[in-house]
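Asks: can't give you the sequence, but here's the structure:
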């Protein structure tokens with residue numbers, strides 16, 4: 001009898017110690033891109049507020065490489081006693097598992113969606129050497145100049161890449177995709193005239209558009225972007241297209257569901273904070289407040305929209 005009591009006490013003490021250790025262990029947010037990029041900025045804005053609510057440090061870890069896949073592989077393997085979240089975009093959690101024979105993870109089997117925190121639009125822009133000011137004129141110009149019918153994207157296999165293909169299909173324009181290693185070199189070549197057209201995230205294109213060095217012809221959101229309401233949508237420009245990207249937090253399946261739900265609730269509180277929303281808007285990013293259930297519904301609809309586009313493209317890395 002006493003041995004049973006001693007065993008129960010020991011088990012209870014061990015469980016209590018484990019819980020205390022979990023509360024004191026810093027939360028890691030793993031990002032698959034370099035510091036300073038859009039996904040990294042989102043992670044750091046949220047981490048700053050989330051740490052205060054948790055009462056423990058929140059550390060942003062940049063694990064770059066393989067287009068973000070290394071970050072997903074690392075979080076998938078995180079042990080249960082190391083609280084870890086992945087902040088990822090569609091390139092990592094939608095495109096890579098479709099185009100690689102083995103991405104090293106399965107988004108639906110290995111991860112639990114926690115909270116969708118940010119949405120962003122795509123834009124199409126032309127350099128100063130392209131004599132068009134509206135999207136229909138661009139499509140006509142590309143058809144009339146097939147030798148110049150190519151467009152740049154920040155990375156092959158990115159959402160701007162596939163959105164550009166969607167636009168080309170809708171306009172019956174066959175264009176060659178020119179992939180770059182990020183937005184900066186893409187914009188350099190757009191400014192220099194080495195590439196006539198660029199598809200990229202709207203916030204990446206906007207500073208050079210505002211400076212008068214390039215022209216954004218259309219934005220991919222369903223309604224005009226609050227970042228610049230003077231730029232029409234693709235639908236307003238005669239193309240029945242709308243698309244957005246996102247940044248979403250995911251937990252590895254090793255994390256207990258109750259813990260993931262708690263973190264989701266705290267992130268919702270962070271995203272409702274007016275100061276958080278101001279920081280997103282200052283960074284020219286659109287904040288989103290989404291519960292775990294809303295995030296799961298968003299991802300399901302997103303996969304239904306984009307998976308066929310990626311698969312039809314036949315793209316292979």
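Replies: Now that the structure is in, tell me what you want to look at. A quick note: this is a predicted structure, and the numbers were derived from the prediction, not measured.
Asks: Now do the helices in the stretch 1-150 of the chain.
Replies: Assigned by DSSP state H, counting those that start in this stretch, the stretch 1-150 of the chain shows helices spanning 2-24, 38-54, 69-76, 90, 96-99, 107-110, 135-144.
Asks: And for the stretch 201-317 of the chain?
Replies: Going by DSSP H, counting those that start in this stretch, the stretch 201-317 of the chain shows helices at 202-210, 257-272, 274-282, 292-313.
Asks: out of the ones you listed, which comes closest to residue 94?
Replies: Closest of the helices of the stretch 201-317 of the chain to residue 94 is helix 292-313, at 5.9 Å (criterion: CB to CB). (Glycine included, C-beta is placed from N, CA and C.)
Asks: Could you find the closest non-adjacent residue to residue 226?
Replies: Spatial nearest neighbour of residue 226, excluding adjacent residues (CB to CB, 6 or more residues apart in numbering): residue 286 at 7.7 Å.
Asks: try residue 56
Replies: Closest to residue 56 by CB to CB, 6+ apart is residue 26, at 5.7 Å.
Asks: Give me the neighbour count for residue 194.
Replies: Counted by other CB atoms under 10 Å, the residues lying close to residue 194 total 13.
Asks: Kindly report the same for the one 5 residues further on.
Replies: As a burial measure, residue 199 scores 28 neighbours (other CB under 10 Å).
Asks: In three-state terms, label it for me.
Replies: The three-state assignment at residue 199 reads strand, by DSSP: H, G, I helix; E, B strand; the rest coil.
Asks: What distance do you get for it to residue 305?
Replies: Per CB to CB, to the nearest Å, residue 199 is found 17 Å from residue 305.
Asks: Residue 142 too?
Replies: Residue 142 is 25 Å from residue 305, by CB to CB.
Asks: For the residue most central in space within the chain, which non-adjacent residue is spatially closest?
Replies: What sits nearest the mean C-alpha location of the chain, by CA atoms, centre = their mean, is residue 89, with 2.7 Å. Closest residue in space to residue 89, ignoring its immediate chain neighbours: residue 247 at 5.5 Å, by CB to CB, 6+ apart.
Asks: which stretches of the protein have low pLDDT?
Replies: Along the chain, segments meeting pLDDT under 70 span 1-24.
Asks: circling back to that earlier point, I figured the residue nearest to residue 89 hits residue 88, correct?
Replies: Yes - the pair residue 247 / residue 88 is scored as a contact, 7.3 Å apart, by CB atoms under 8 Å.
Asks: what residues are up against residue 248?
Replies: For residue 248, the contact set (CB atoms under 8 Å, 6 or more residues apart in numbering) comprises 87-89, 93, 113-117, 295, 298-299.
Asks: For those, which two are the farthest from each other?
Replies: Among the contacts of residue 248, 87 and 298 lie farthest apart (CB to CB), at 15.2 Å.
Asks: Report the separation between residue 115 and residue 153.
Replies: 28 Å.
Asks: and what of residue 270?
Replies: 32 Å.
Asks: quick one, which of these two is more surrounded?
Replies: A direct count of neighbours by other CB under 10 Å for residue 270 and residue 153 places residue 153 higher, at 26 against 23.
Asks: If the more buried one is in a bridge, with which residues?
Replies: residue 179 (DSSP bridges).
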